[in-house]
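Participant: Model the following, please.
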Amino acid sequence: MDLNCPKCHSENTQRLSQAFENGLSHINTATKGVGIGVGPDGIGVGVGGAKTSGTSQTAASQRAAPPAKMKYLYPLIGIFVMALVGVLVAGIIWKPLGFFAQLFWVVGSIAYIYRAYQFNAKTWPLLFQDWQNTYVCKRCDHAFLVN
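Facilitator: Just a heads-up that it's a prediction; the model follows:
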């Protein structure tokens with residue numbers, strides 16, 4: 001298996017999934033503090049603390065991210081909101097138009113769910129497999145698929 005870059009022929013290549021993982025840093029910190037101050041009313045003391053947790057990601061890791069699956073919740077909420085606006089506008093303009101807004105909600109939701117399911121079940125696994133077999137050259141930044 002030839003893992004050399006086909007563009008510049010460098011041996012300095014890395015699997016895209018490894019480049020993605022190497023750019024992630026998990027953060028979990030805690031701090032405590034005490035402060036003393038003097039004011040017109042006398043001396044004041046303050047005590048505080050904070051915790052921080054999260055993930056930091058480099059730009060290279062973002063570029064090397066795996067393909068995303070299609071989401072269900074937010075697009076369906078968007079379809080619902082558009083249909084709701086259609087029903088409200090129909091109540092002002094012409095009431096029978098509200099039926100078409102409701103029809104849009106039902107048909108649009110079913111069509112989106114079907115499309116997302118098909119993509120997540122059939123297309124995404126192939127894209128993810130290609131992502132796992134893709135390497136990136138650390139010299140010229142060229143990405144290439146290794147079969």
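
Participant: which stretches of this protein form helices?
Facilitator: Along the chain, the stretches classed as helices by DSSP state H are 16-22, 59-63, 73-93, 97-118, 124-132.

Participant: and the fourth one, how far from the chain's centre?
Facilitator: If I follow you right, that is helix 97-118. For helix 97-118, the separation from the chain centroid amounts to 24 Å (computed by CA atoms, centre = their mean, to the nearest Å).

Participant: got the buried residues for that helix?
Facilitator: 98, 101, 105, 108-109, 112, 116 (16 or more other CB atoms under 10 Å). C-beta: built from backbone N, CA, C; applies to glycine.

Participant: Please convert the helices of the chain to JSON lines, extending it with mean pLDDT.
Facilitator: Shown next, in JSON lines, are these (pLDDT from 0 to 100):
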{"stretch": "helix 16-22", "mean pLDDT": "95"}
{"stretch": "helix 59-63", "mean pLDDT": "93"}
{"stretch": "helix 73-93", "mean pLDDT": "93"}
{"stretch": "helix 97-118", "mean pLDDT": "95"}
{"stretch": "helix 124-132", "mean pLDDT": "97"}
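
Participant: Same list (these) but as a markdown table, adding distance to residue 5.
Facilitator: Shown next, in a markdown table, are the helices of the chain (distance: least, CB to CB, whole Å):
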| stretch | distance to residue 5 |
| --- | --- |
| helix 16-22 | 13 |
| helix 59-63 | 16 |
| helix 73-93 | 38 |
| helix 97-118 | 35 |
| helix 124-132 | 17 |
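
Participant: which stretch among those helices comes nearest residue 33?
Facilitator: helix 59-63 (32.6 Å; CB to CB).

Participant: measure the one residue sitting closest to the centre of the chain to residue 83 for me?
Facilitator: With distances taken as CA atoms, centre = their mean, the residue of the chain nearest its centroid is residue 68 (7.3 Å). To residue 83, residue 68 is 26 Å away according to CB to CB, to the nearest Å.
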